[in-house]
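# dropping a prediction and its sequence here:
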Amino acid sequence: MKTHNTKFTVHIELAPANTVNKLAEGHLAFKGGPLDGCTVGGFTVWASRSGNGENVTFPARAYTNGKGEKKTFSFIQGEAAGMSQLRHVVLEAYREAKQAAVNEA
């Protein structure tokens with residue numbers, strides 16, 4: 001298998017102030033390599049239920065399996081360490097966007 005190096009940017013759109021617990025939405029935009037021009041959307045930054053910090057959910061789709069059980073399929077999959085790193089990257093982009101909005105106000 002051939003390996004490609006691709007850079008990406010995290011784009012964050014802050015949620016309106018009246019949105020309950022939803023802080024922002026985001027997507028990854030790829031630049032260079034075979035994914036050039038592609039985006040992966042559906043990341044959402046939420047206020048933590050405990051009120052202490054933020055959480056990120058990844059794009060997913062609900063479905064019903066053959067047994068009638070409701071399941072969710074995540075479009076982003078990987079090892080725990082990689083998923084944790086991706087959450088960190090999205091949260092960092094959110095915090096930067098939030099700070100930029102404060103500085104503009």
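Nice, I can see it.
# now do the contacts for the residue nearest to the spatial centre of the chain.
Closest residue to the average C-alpha location of the chain: residue 43 at 2.8 Å, with CA atoms, centre = their mean. Residues in contact with residue 43 (CB atoms under 8 Å, 6 or more residues apart in numbering) are 10, 25, 26, 27, 28, 56, 57, 58, 59, 90. The C-beta positions use only the backbone N, C-alpha and C, and glycine is treated the same way.
# what's opposite it in the beta bridge?
Assessed by DSSP bridges, residue 43 has beta-bridge partners residue 26.
# can you show me the helices along the chain?
With DSSP state H, the ranges of helices along the chain come out as 80-104.
# so where's it shaky on pLDDT?
Across the chain, the ranges flagged by pLDDT under 70 are 1.
# for it, what spans make up the strands?
7-14, 22-31, 39-47, 54-57, 60-64, 70-74 (DSSP state E).
# and the ones you listed: which comes nearest residue 85?
Ranking those by their distance to residue 85 (criterion: CB to CB) puts strand 54-57 first, at 11.4 Å.
# output the contacting helices and strands for the closest one.
strand 39-47, helix 80-104 (3 or more CB pairs under 8 Å, 6 or more residues apart in numbering; DSSP states H and E).
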